[in-house]
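Student: coords please:
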Amino acid sequence: MFNDGLLDMMRWRFTSIIKNPGLRLQTDKKKDMLLNFAGGEGKGLFFQWDGEARFAFSPSGKDFNIFIRKVLTIPVVIGPYHDRNLTGPIENGQPVKFEVFGETPEEKNIVRRRLLANVNGELDKELNASAEEIQAAKLKLKGASK
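Tutor: Below is the predicted model of the structure:
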């Protein structure tokens, strides 16, 4: 079901096209996930967060982790050209609503506090690299001189 607290995790590699049977992408259902990245200096990981493409890296080149879990249920409008053959069933019999997700009231409060901190700009230093961090990772900085 859609509101079961499980995430659809899709790992993509070039060989996925060959391994994937048919046109529907296969996903793993996970409650949460800890991604470990050990790419070294000048390397990082592309991922999607909050509907936007992101690039995570360690300025020092050391290994880093990203913990992922479901925090929101957000209803979306499916357009008039929805094709059930492509998406599968989209109705789960539950009312459509926006809600903060968590198994306990404390988990929901943690999500609410973090969302408010993000809206207030308090997470910018945690989520966005500074010019110095980008240069320390030996990554190209847009607009920087060569």
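
Student: what about the closest residue to G102 other than its chain neighbours, is that helix, strand or coil?
Tutor: Counting by C-beta to C-beta, 6 or more residues apart in numbering, G102 lies nearest to K108, which is 3.7 Å off, once chain neighbours are set aside. From N, CA and C alone the C-beta is placed, and that goes for glycine too. Look at K108: counting by DSSP: H, G, I helix; E, B strand; the rest coil, its state is helix.

Student: my guess is K108 contacts L115. True?
Tutor: No: using C-beta atoms under 8 Å, K108 is not in contact with L115; the gap is 10.6 Å.

Student: what mean pLDDT does stretch 109-126 get?
Tutor: Across stretch 109-126, the average pLDDT comes to 92.

Student: send me it as CSV with only the CA atoms.
Tutor: Extracted C-alpha coordinates of stretch 109-126, given in CSV (Å, rounded to 0.1, in the frame of the first residue of the first chain):
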residue,chain,number,x,y,z
ASN,A,109,7.5,15.9,16.3
ILE,A,110,11.1,15.4,15.2
VAL,A,111,10.0,15.6,11.5
ARG,A,112,7.9,18.8,12.3
ARG,A,113,10.8,20.5,14.0
ARG,A,114,13.2,19.6,11.2
LEU,A,115,10.8,20.9,8.6
LEU,A,116,10.4,24.2,10.4
ALA,A,117,14.1,24.5,10.8
ASN,A,118,14.5,23.9,7.1
VAL,A,119,11.9,26.5,6.2
ASN,A,120,13.5,29.0,8.5
GLY,A,121,16.9,28.5,6.8
GLU,A,122,18.5,26.8,9.8
LEU,A,123,19.6,23.8,7.9
ASP,A,124,21.4,25.6,5.1
LYS,A,125,24.9,25.0,6.5
GLU,A,126,24.1,21.3,7.0
